[in-house]
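**Student:** no FASTA, just this:
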């Protein structure tokens with residue numbers, strides 16, 4: 001097992017940094033592109049004509065990745081593309097940009113999803129929360145590692161992401177109070193007054209010697225989906241109108257304030273799609289629509305969808321102006337650089353050029369100051385996630401979980417059903433109880449022998465809580481048909497290749513629910529909508545009007561991924577406990593994880609009734 005003392009991580013970082021030093025040098029050189037004409041250019045007749053350039057650097061979806069480390073595998077982060085993660089490396093790129101362009105010519109902005117996503121985030125939200133007060137020796141809550149890192153990096157602003165709300169508003173407010181930069185959300189409103197609950201925008205000044213400052217308005221927009229996904233935390237407290245609607249209100253306001261440049265940071269993708277169907281009247285991924293429909297925007301930093309789009313232009317339908325958008329992937333894998341050129345004419349700064357590109361931090365070293373500030377926090381969390389909570393009788397892998405009913409998925413379902421059963425009324429306890437869950441990670445593996453917190457956390461990577469909701473047999477069949485559109489149609493007689501079988505319709509693994517407690521087959525030879533066959537409960541066919549209690553996570557229960565019936569279904573049970581923690585508690589109490597206690601094959605893929613595997 002890889003050791004996890006700080007030297008090991010640092011040595012690893014140094015080694016991998018050396019190989020990429022050339023890349024780093026190249027990226028530092030490549031950053032000078034917007035340097036042209038910083039001195040006033042004299043055009044005959046003594047006429048003064050000023051030009052100036054500056055940059056806005058952007059990150060998004062950092063999800064509490066500080067160091068290049070994977071807490072679930074207890075090793076440096078690894079993927080097939082050779083990416084590194086963590087703001088510690090991004091901090092080095094930011095430093096290089098400031099050195100190349102001048103401190104006063106660089107702004108730094110984030111597009112949200114900062115405080116959730118790693119064991120580090122969980123630790124400071126739940127184990128030793130930043131909201132802690134009193135306690136032994138008057139222990140005040142610690143600083144959030146992301147506040148420490150981002151304050152050190154001197155961020156100018158960050159948009160609120162939807163995951164900012166996962167741990168409740170109180171924890172978010174505490175994080176906000178620890179940040180030396182504003183958290184922006186022009187479409188996060190107080191439910192009662194309908195006034196902004198956070199700062200909608202901030203205005204920054206770029207100093208130009210012998211000329212007026214360039215005023216840069218930064219408007220932040222968050223995701224309307226928060227109203228669904230974190231209904232339990234925000235319901236009755238905050239509302240989240242659409243991005244286009246709020247941008248139309250605030251962009252003119254920033255122009256009226258005399259902003260020469262208007263820059264948006266959106267926790268929203270750029271393809272106009274929504275995962276929640278028509279469950280909300282507002283679009284989830286609306287950055288392209290904002291650029292198209294709201295005049296007066298120069299550039300947009302995009303987030304939320306965890307993809308790399310280094311530069312993308314959208315023509316504003318009213319002005320015909322090109323708006324530049326960029327999304328720097330996630331976890332600190334990229335840094336976007338927006339370069340702005342301006343000219344001073346008729347007493348005003350005018351933007352003449354905007355260009356965007358993404359830089360890859362995998363060739364630079366981690367910022368030694370971030371390491372110094374946060375290494376102890378990191379080590380504490382490494383120790384925490386390596387704590388054994390029990391043992392497992394055999395290796396439980398999730399590798400085939402997307403096409404086979406595997407025991408490791410039954411573990412999740414068992415915990416969900418046991419927990420919901422405890423909290424049902426006498427009347428609801430008489431109803432059949434089933435469970436649905438998604439294969440979040442194909443790489444998850446609970447080993448035979450000692451089981452640690454990180455083994456379980458790697459299987460259940462989201463901070464979801466638990467619901468029991470009531471569905472009829474007919475609704476349950478609809479629900480499972482919706483899930484089955486995850487598979488591409490494979491006619492019978494055609495060989496099934498698992499490499500190309502799944503993720504039809506851009507339906508990702510985390511969106512795909514399998515059920516436990518009912519038996520059924522998914523016939524992948526059939527067209528979408530008529531794939532669920534032989535749906536039965538305890539040996540008898542499920543009747544259309546039979547009522548079930550379904551154990552389901554809060555994300556799905558509130559409409560996430562757009563499943564039919566579930567969001568409006570009657571609630572039989574709800575809890576604020578994380579499903580992951582319930583799984584940890586289950587192993588801690590039983591001391592042993594034994595598939596004989598819960599594993600049962602109750603669903604399978606078929607082609608015209610013939611089992612595929």
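**Tutor:** Right, received. Where do you want to start? Predicted, not measured: the structure shown is a model, and the values here were computed from it.

**Student:** How confident was the prediction at residue 133?
**Tutor:** Note on residue 133: pLDDT of 79.

**Student:** And the lengthiest helix in the chain, what does it pack against?
**Tutor:** Of all segments of type helix in the chain, defined using DSSP state H, the longest is helix 368-385. Contacts defined by 3 or more CB pairs under 8 Å, 6 or more residues apart in numbering; DSSP states H and E place helix 368-385 against helix 6-19, helix 87-101, helix 119-122, helix 145-152, helix 453-459. For the C-beta atoms, the positions are set from N, CA and C on the backbone; glycine is no exception.

**Student:** What about residue 419, how many residues nearby?
**Tutor:** Residue 419 is flanked by 21 other residues according to other CB atoms under 10 Å.

**Student:** I'd like the secondary structure assignment at it, please.
**Tutor:** Secondary structure, DSSP: H, G, I helix; E, B strand; the rest coil: residue 419 is helix.

**Student:** Please report how far it lies from residue 434.
**Tutor:** Separation of residue 419 from residue 434 (CB to CB, to the nearest Å): 14 Å.

**Student:** And residue 550, by the same measure?
**Tutor:** Computed with CB to CB, the distance linking residue 550 and residue 434 is 6 Å.

**Student:** Find the residues that touch each one of the two.
**Tutor:** The contact sets of residue 550 and residue 434 overlap at residue 476 (CB atoms under 8 Å, 6 or more residues apart in numbering).

**Student:** These two: which has the busier surroundings?
**Tutor:** More crowded of residue 550 and residue 434, by other CB under 10 Å: residue 550, with 30 against 23.

**Student:** Partner strands of the strand or helix carrying that one, with direction?
**Tutor:** Under the criterion of DSSP states H and E, residue 550 resides in strand 547-553. Partner strands and pairing direction for strand 547-553 (DSSP bridges) are strand 433-437 (parallel), strand 465-472 (antiparallel).

**Student:** can you list contacts of the last one?
**Tutor:** Under the criterion CB under 8 Å, 6+ apart, residues 232, 416, 419-420, 423-424, 428, 431, 433, 479, 544-554, 557, 565-566, 569-579, 582 lie in contact with strand 465-472.

**Student:** just the buried members of those?
**Tutor:** By neighbour count, with 16 or more other CB atoms under 10 Å, the contacts of strand 465-472 hold 232, 416, 419-420, 424, 428, 433, 479, 546-554, 557, 565-566, 569, 572-573, 575, 578-579, 582 as buried.

**Student:** how far away is the residue nearest to residue 529 when sequence neighbours are not counted from residue 363?
**Tutor:** Among residues not flanking residue 529 along the chain, residue 481 sits closest, at 5.6 Å (CB to CB, 6 or more residues apart in numbering). To residue 363, residue 481 is 47 Å away according to CB to CB.

**Student:** more crowded one of those two?
**Tutor:** In terms of neighbours (other CB under 10 Å), residue 363 is the more surrounded of residue 481 and residue 363; the figures are 23 against 16.

**Student:** Could you report the distance from that one to residue 61?
**Tutor:** Using CB to CB, residue 363 is found at 21 Å from residue 61.

**Student:** Which residue ranges make up each domain of this protein?
**Tutor:** The chain is divided into the following domains under automatic domain parsing: 6-31+53-381, 388-611.

**Student:** Please state the offset of the longest one from the chain centre?
**Tutor:** Right, domain 6-31+53-381. Centroid separation between domain 6-31+53-381 and its chain, computed with CA atoms, centre = their mean, to the nearest Å, is 12 Å.

**Student:** Then the shortest one?
**Tutor:** Computed by CA atoms, centre = their mean, the separation of domain 388-611 from the middle of its chain amounts to 22 Å.

**Student:** what distance separates the start and the end of it?
**Tutor:** Length of domain 388-611, first residue to last, CA to CA, to the nearest Å: 38 Å.

**Student:** Equivalent analysis for stretch 282-299, please.
**Tutor:** For stretch 282-299, the first-to-last residue distance is 22 Å (CA to CA).

**Student:** And stretch 78-98, by the same measure?
**Tutor:** Distance across stretch 78-98, first residue to last, is 29 Å (CA to CA).

**Student:** Buried residues, that stretch. List them.
**Tutor:** Applying 16+ other CB under 10 Å to stretch 78-98 flags 83-98 as buried.

**Student:** How much space separates residue 166 from residue 496?
**Tutor:** From residue 166 across to residue 496, the span is 37 Å (CB to CB).

**Student:** Please, where are all the strands along the stretch 301-450 of the chain?
**Tutor:** With strands called from DSSP state E, counting those that start in this stretch, the stretch 301-450 of the chain shows them at 308-315, 322-328, 335-345, 348-359, 388-392, 396-397, 433-437, 445-446, 449-452.

**Student:** Any idea which of these gets closest to residue 149?
**Tutor:** Comparison of these against residue 149 by CB to CB identifies strand 335-345 as nearest, at 14.0 Å.

**Student:** List the contacts of the longest helix of the chain.
**Tutor:** Here helix 368-385 makes contact (CB under 8 Å, 6+ apart) with 4-6, 9-10, 66-67, 69, 71-72, 74, 87-88, 91, 119-120, 123-124, 127, 142, 145, 148-149, 152-153, 452-454, 457.
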